[in-house]
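[1] After the sequence you'll find the predicted model.
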Amino acid sequence: MASNIHGPLYFERMGRTGPVIAFVHPNPMDQSCWIYQMAHLSSWYRCVAIDIPGYGRSPKADSGLTMGDMAQGCWQAIDEAVGGGEDAILVGCSVGSAIVPHMYHQRPGATAAMVLSGTGYNPGKAFARERIEQYAAKGIDYRWEYTFQDMSAAFRTTPMAHYFADLFAERNDTADAKTIIHQFEAMLEPEADDHHSAIKCPTVILTGSEDNSHQRAFALQERIPGCALKTLPGAGHACQLEQPWLFDRFMIEFLAKNGLHPVT
């Protein structure tokens with residue numbers, strides 16, 4: 001069991017054959033933000049979408065939670081979902097994209113590829129301190145308000161955006177603000193000098209042009225050897241929700257190029 005987490009992480013599965021893809025969500029969402037990718041990519045892959053501690057139906061975590069704890073918990077969820085001993089394609093958005101490289105470093109030989117979105121190189125991590133202050137002041141109800149910040153200005157006015165914000169907030173009774181604060185505290189940990197440069201697996205960054213992290217995505221690309229990057233025009237932070245057709249196309253093209261798509 002991963003340290004500082006009160007039990008195994010919750011996950012959903014879809015797809016019974018093919019390579020394994022594991023999805024790790026952003027704040028303030030949960031595993032269901034991958035609903036389109038799970039439905040689509042399960043045509044060829046065994047898909048596992050994980051709730052990190054304090055979100056969805058996963059357990060709480062203690063002060064002292066680390067990125068390594070969350071990475072280990074995600075690997076344990078993958079092992080439980082597929083029976084262990086399997087390689088996995090790791091897909092993250094925002095907080096998920098911060099956890100996924102730690103998963104790589106724990107099991108580099110088992111990481112077939114990484115797909116990062118809603119991310120960029122941000123060494124100061126001022127956003128983490130801001131989120132800590134906001135969750136401390138507003139509590140778990142802050143999730144509904146913050147969901148719209150993960151979206152582009154155009155998308156956040158739509159009924160679909162409100163549908164997703166309500167969907168996540170309706171699960172607040174099983175979420176935990178203190179654990180979410182501990183998650184952001186963990187994100188403030190210093191990273192090893194070679195945290196990005198030591199990554200050897202195929203990696204792509206999918207970035208929305210309207211994401212506040214968009215320009216920082218290019219700096220992150222430069223830090224990861226051989227990293228590719230694709231832009232989703234008009235999409236925000238959670239680009240997999242706003243433009244799943246383009247997100248999925250870019251992801252499949254990347255996997256096919258690296259010999260990881262079962263259909264050629």
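    Ah, there it is. Numbers count the residues shown, from 1 in each chain.

[2] Dihedrals phi and psi, the nearest residue to residue 96 once chain neighbours are set aside?
    With sequence-adjacent residues excluded and distances taken as CB to CB, 6 or more residues apart in numbering, residue 96 is closest to residue 24, at 3.3 Å. Where C-beta positions appear, they are placed from N, C-alpha and C, glycine not excepted. Here is the backbone geometry of residue 24 (degrees, to the nearest 10): phi -120, psi 120.

[3] my read: residue 24 touches residue 94, true?
    No - applying CB atoms under 8 Å, one finds residue 24 not in contact with residue 94, separated by 9.4 Å.

[4] circling back to that earlier point, list the residues that contact the residue nearest to residue 96.
    By CB atoms under 8 Å, 6 or more residues apart in numbering, the contact set of residue 24 is 50, 52, 74, 90-93, 95-97, 99-100, 103.

[5] Those in helices, which ones?
    Residues of those located in helices (DSSP state H): 74, 95-97, 99-100, 103.

[6] how distant is stretch 174-189 from the center of its chain?
    Distance, stretch centre to chain centre, for stretch 174-189: 15 Å (CA atoms, centre = their mean, to the nearest Å).

[7] now the helices for the protein?
    35-41, 67-82, 95-106, 126-138, 142-147, 159-169, 177-187, 214-223, 239-242, 244-257.

[8] Same question for the second one: list its buried residues.
    Neighbour counts using 16 or more other CB atoms under 10 Å place 67-79, 81-82 of helix 67-82 among the buried residues.

[9] returning to what we had before: most tightly surrounded among the helices of the chain?
    Of all the helices of the chain, helix 239-242 has the most neighbours on average by mean count of other CB atoms under 10 Å, namely a mean of 27.

[10] Poorly predicted segments of the chain, please.
    By pLDDT under 70, the low-scoring segments of the chain are 1, 264.
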